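# Sequence first, predicted model second:
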Amino acid sequence: ETGVTQSPTHLIKTRGQQVTLRCSSQSGHNTVSWYQQALGQGPQFIFQYYREEENGRGNFPPRFSGLQFPNYSSELNVNALELDDSALYLCASSSTWTGSTDTQYFGPGTRLTVL
Amino acid sequence: GNSVTQMEGPVTLSEEAFLTINCTYTATGYPSLFWYVQYPGEGLQLLLKATKADDKGSNKGFEATYRKETTSFHLEKGSVQVSDSAVYFCALKNSGNTPLVFGKGTRLSVIA
């Protein structure tokens, strides 16, 4: 069974730029959630994708957007980067096939630094 | 709204000491409860979970019991090892396509 993978591992951008982060869900999982983890904090929910549509969103502005593809992989896009966007971005996958999406499995994360 | 409160860290213990990390929650409905662990430079790993009141989750010597009457899910381990040094996150999730809600994390350092 393949776990959740994310790319790239690390990324450095400057203010105002745009970034795309990628996530491949665990084999057999059809739902992907994205979280932002600032240094020293717990992860904060950004949004979730199911059946290629956004299916729930946290308190993040519209410049955070995403996609889910037919193979259930996902992208997180952030436009007009700000210094406060520097964080570890975590992708988590889960499955509705078993009738429950309670358990989410996380990837290793992408560390984004905005200068 | 839903929230999770964890004890402030850091927690420093000697090897083989007993560990307790307190976690309490506020939630509507009947959430599932989780402990995740984050080793330095890595993502989150699911450590254990419990889905209903009085359930006990356990894994790798760690245990936590879902206490509805005290809205708590404290993490315990009888004898910690240096390799247990990490940040531990308590989290809750309502059923369906709802997100995980995390506490702020508790950093544990175990010294030989």
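Cool, the structure landed.
# what residues does chain A put near chain B?
Neighbours of chain B within chain A, by C-beta under 8 Å from any C-beta of the partner chain: A:4, A:6, A:31, A:33, A:35, A:40-45, A:48, A:50, A:55-56, A:58, A:88, A:90, A:92, A:96, A:100-109. Bear in mind the C-beta positions are built from the backbone N, C-alpha and C, glycine included.
# Quick check: ChimeraX command selecting the buried ones in those residues.
To isolate in ChimeraX the members of the residues of chain A next to chain B that are buried, counting by 16 or more other C-beta atoms under 10 Å in any protein chain shown, one can use:
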select /A:4,6,31,33,35,42,43,44,45,48,50,55,56,58,88,90,92,101,102,103,104,105,106,107,108,109
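# In strands, which of the residues of chain A next to chain B appear?
Among the residues of chain A next to chain B, the ones falling in strands (DSSP state E) are A:6, A:31, A:33, A:35, A:44-45, A:48, A:50, A:55-56, A:88, A:90, A:92, A:105-106.
# residue contacts, A:G58?
Taking C-beta atoms under 8 Å, 6 or more residues apart in numbering or on different chains, we find A:G58 in contact with A:Q44, A:F45, A:I46, A:F47, B:P99.
# which one of those sits closest to B:T106?
B:T106 lies nearest to A:Q44 out of the contacts of A:G58, by C-beta to C-beta, at 17.3 Å.
# Can you give me the pLDDT of the closest residue to B:W35 other than its chain neighbours?
Spatial nearest neighbour of B:W35, excluding adjacent residues (C-beta to C-beta, 6 or more residues apart in numbering or on different chains): B:L47 at 4.4 Å. Listed pLDDT for B:L47 reads 97.
# neighbours of B:L47, just the number please.
Neighbourhood size, B:L47 [other C-beta atoms under 10 Å in any protein chain shown]: 21.
# Need phi/psi at it.
Backbone torsions of B:L47, given as degrees, to the nearest 10, read phi -100, psi -50.
# re earlier: farthest-apart pair in the contacts of A:G58, please.
Using C-beta to C-beta, the pair of these lying farthest apart is A:Q44 and A:F47, separated by 11.0 Å.
# Which strand residues bridge the closest residue in space to A:A38 that isn't next to it in sequence?
Spatial nearest neighbour of A:A38, excluding adjacent residues (C-beta to C-beta, 6+ apart): A:A87 at 4.8 Å. For A:A87, the beta-bridge partners under DSSP bridges are A:L112.
# quick one: low-confidence ranges for chain A?
Within chain A, the segments meeting pLDDT under 70 span A:1-2, A:97-102.
# export stretch B:40-48 as PDB, just CAs?
Presented in PDB, the C-alpha positions along stretch B:40-48 are these (Å, rounded to 0.1, in the frame of the first residue of the first chain):
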ATOM      1  CA  PRO B  40      11.500  16.300  13.900                       C
ATOM      2  CA  GLY B  41      11.300  17.400  10.300                       C
ATOM      3  CA  GLU B  42       8.400  15.000   9.500                       C
ATOM      4  CA  GLY B  43       4.700  15.000   8.900                       C
ATOM      5  CA  LEU B  44       2.000  13.700  11.200                       C
ATOM      6  CA  GLN B  45       1.700  10.000  12.000                       C
ATOM      7  CA  LEU B  46      -1.500   8.600  13.500                       C
ATOM      8  CA  LEU B  47      -0.600   7.200  16.900                       C
ATOM      9  CA  LEU B  48      -4.000   6.000  18.100                       C
END
